[in-house]
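*Asks:* Take this sequence and fold it.
(2 chains)
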Amino acid sequence: MRKKQKAEAAVKTPLLDRLIPPREITLPNGHTVKKPVSRAPFIAVLTIAAIWISAVVTGFDFRIIIERGHQLGYILGRIFHPNWSYFGGDAAGTKKLMDALFDTIKMSIMGSVIGATMALPISVMASNNINRSTGVVWFLRILLMVIRTLPTLIIAKFAALIFGLGTFAGTVAIVVFTFGIVAKMMYESIETIDMGAFEATESFGANKFQSFWSACMPQILPTYLSYCLYSLEMNIRAAAILGYVGAGGLGILINEFIGWRDYESLGAVLLALFVVVLIIENTSQYLRKKLS
Amino acid sequence: MAKTKSLLNADHPLTIEEAYESRPRLWWLYTLILLIVAALLGWSGTSIEYKGLATKGMTIAQGIGYGLVHPDTNLLFNLTNEGVPYQLLQTVAIAVLGTLIGGVLAIPFSFLACDRIVPKPVALIFRTVILGIRTIPSLVWALVWIRVTGPNAFCGVVTESVCSIGMICKMYITAIEDIDTKILESLDAAGCNGFQKVRYGILPQIIPNFISTVIYRFDINVKDATTLGIVGAGGIGAALIQCMNSSRWSMVGAYLTGMIVLMILIELFSTKVRAKLARG
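*Replies:* Numbering: from 1, shown residues only, chains lettered A, B, ... in the order given. Reported below is the predicted structural model:
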């Protein structure tokens, strides 16, 4: 028995404390305390090694920025003098910009709603306090993890190859992205809810769905709505670049203007995006504050 | 109000029916939310239409499925510059340097944007600048920086550093605003000087938060760095997109497998370290 305890203690002491034994200090009242070796030097060495390797691999060279930094100033200067004719001055240009902008907004709203709706049942099935079959829970969690590792642009590229260029491909990419992230956040918060009411309704003879609906739904609904709004905020930003791989929206214009080095028009696109992001973020943050 | 009173009244406890009748009724709120969502969906549906699969859609979908199941093992374990391990190393290297530089650059920005420290107008200006940095998508930053650094991994590093500032600042500011200043008074009473007050009163409150933020952002930056390659800013994205365009699905499978494994490892690492930092 004692041997087993000793073995357990040995496993629990960190490796470092076993290699370099902690310093023992005897206090004035006769007790001894152990002061473990500081971790800071080891973490510092590891960090410096990581920085050094990264600098070599990426060819980090600060001189390039000093020598050619004025280029950035030049481009940013032109971006900050947006081409105002896209906001009403030139009818065709305005229509082009506004169409792309509304496509982006529509893609993200549609994608967020569909993705978040799909995420709700899956997240219930992936939370281990409601679903008792461990196999299904872990299968769903690993699936969600894999989905979340795929960058939105890569999904959009796949979707554009399969469904053809256009807004539909972008919507598919946003659905997949929203689904992964909302489902994960939801199962994490479903696991923290109070299960007392669920058990009580079940003991009255309600089936699993009924008791979930009346006992758990009121608890998770505000969180769920707030996650939906949060994902909408992220999706507007994500949707803006999907056009780069042919999935519709502002990205097409961004790609076009950078290709032509027409940075004033790029500035107009970014300004429009900035205003939309500002409006949607503030509305959504106001609503989320109300929900909590 | 009368209902709540009777709920609390011990002499006349409510019967089950009465309690059920007095349950909160929010149906009008739910109807409103549903109506708004339905209206938004109807409006969004106007320009998103399903035009069927692309001419080669089915073949491509099959190819992707095949590639994911049969990744090109030669490429997956190839240790030269074209191999998956080196490409992943480069991606992580971009994220490491980008996150660290961004994390350091964000410190002055977040102190200047915190209205507990600087006057309100100054804070507002810096907040707008930070929001502006955050709004420009990372892909656009990369395309702008490419004109400065040329298409290489260094461009990825600079892009990630600038992009990280936005989000890191936002979280730094919250950490700075949550500092408990009462501790400074007690340190004053104990006879500490200015340096000691900062070292033992302020830093222990913000450092764990800052490190946790940086590690969280590292997680995001690795994911971001995989896509920067699409515009030529280094990392695994360039090779992946080339293979996708030329329909070499088993190579696509190899790159994707490497990416998924790397990202899962990094997420596990970051969650573990952040949990440890939060517990202290």
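
*Asks:* Find the residue closest to A:Arg288 in space, skipping its chain neighbours.
*Replies:* Distance criterion C-beta to C-beta, 6 or more residues apart in numbering or on different chains; nearest residue to A:Arg288, sequence neighbours excluded, is A:Ser226 at 4.6 Å. For glycine as for every other residue, the C-beta is placed from the backbone atoms N, C-alpha and C.

*Asks:* One more: A:Gly93?
*Replies:* Going by C-beta to C-beta, 6+ apart, A:Gly93 has A:Tyr86 as its nearest residue, at 4.8 Å.

*Asks:* Helices of the stretch 101-250 of chain A, residue ranges please.
*Replies:* Here the stretch 101-250 of chain A has its helices, by DSSP state H, counting those that start in this stretch, at A:134-149, A:152-163, A:167-190, A:196-203, A:208-211, A:217-242, A:250-259.

*Asks:* If you count neighbours, what's buried in the first one?
*Replies:* Read that as helix A:134-149. Neighbour-count burial for helix A:134-149 flags A:Val137, A:Leu140, A:Arg141, A:Leu144, A:Met145, A:Ile147, A:Arg148, A:Thr149 (criterion: 16 or more other C-beta atoms under 10 Å in any protein chain shown).

*Asks:* Show me what it is packed up against.
*Replies:* If you count contacts as 3 or more C-beta pairs under 8 Å, 6 or more residues apart in numbering or on different chains; DSSP states H and E, helix A:134-149 packs onto helix A:91-125, helix A:167-190, helix B:249-279.

*Asks:* Could you export those helices as a markdown table, including mean pLDDT?
*Replies:* What follows is the helices and strands packed on helix A:134-149, written out as a markdown table (pLDDT from 0 to 100):
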| stretch | mean pLDDT |
| --- | --- |
| helix A:91-125 | 90 |
| helix A:167-190 | 92 |
| helix B:249-279 | 89 |
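
*Asks:* So which of those helices is nearest B:Thr181?
*Replies:* helix B:249-279 (22.1 Å; C-beta to C-beta).

*Asks:* Buried residues of that closest one, list them for me.
*Replies:* For helix B:249-279, the neighbour count (16+ other C-beta under 10 Å) marks B:249-260, B:262-263, B:266-267, B:270, B:274, B:277 as buried.

*Asks:* Give the residue spans of the chain that score low on pLDDT.
*Replies:* You didn't pick a chain, so chain A it is. By pLDDT under 70, the low-scoring segments of chain A are A:1-13.

*Asks:* ah, I was thinking of chain B
*Replies:* B:1-13, B:280.

*Asks:* Kindly report the domain assignment for chain B.
*Replies:* Annotated domains of chain B cover B:2-45, B:57-279 [automatic domain parsing].

*Asks:* coming back round to it: any idea how far the residue nearest to A:Arg288 lies from B:Leu88?
*Replies:* Here A:Ser226 is placed at a distance of 35 Å from B:Leu88 (C-beta to C-beta, to the nearest Å).

*Asks:* Next, work out how far apart the residue at minimal distance from the centre of chain A and A:Leu270 are.
*Replies:* The centroid of chain A falls nearest to A:Ile181 when counting by C-alpha atoms, centre = their mean (6.5 Å). According to C-beta to C-beta, A:Ile181 and A:Leu270 sit 25 Å apart.

*Asks:* and residue 115, how many neighbours?
*Replies:* Using chain A here. 24 (other C-beta atoms under 10 Å in any protein chain shown).

*Asks:* try again with chain B
*Replies:* Using other C-beta under 10 Å, the number of residues around B:Asp115 comes to 15.

*Asks:* sec struct for it, please.
*Replies:* At B:Asp115 the chain is in coil, as set by DSSP: H, G, I helix; E, B strand; the rest coil.

*Asks:* what residues are up against it?
*Replies:* Shown in contact with B:Asp115 (C-beta atoms under 8 Å, 6 or more residues apart in numbering or on different chains): B:Ala123, B:Leu124.

*Asks:* Quick check: it vs B:Thr213, distance?
*Replies:* For B:Asp115 relative to B:Thr213 (C-beta to C-beta), the value is 20 Å.

*Asks:* do B:Val69 as well
*Replies:* 38 Å.

*Asks:* So these two - more neighbours on which side?
*Replies:* B:Thr213 (25 against 10).
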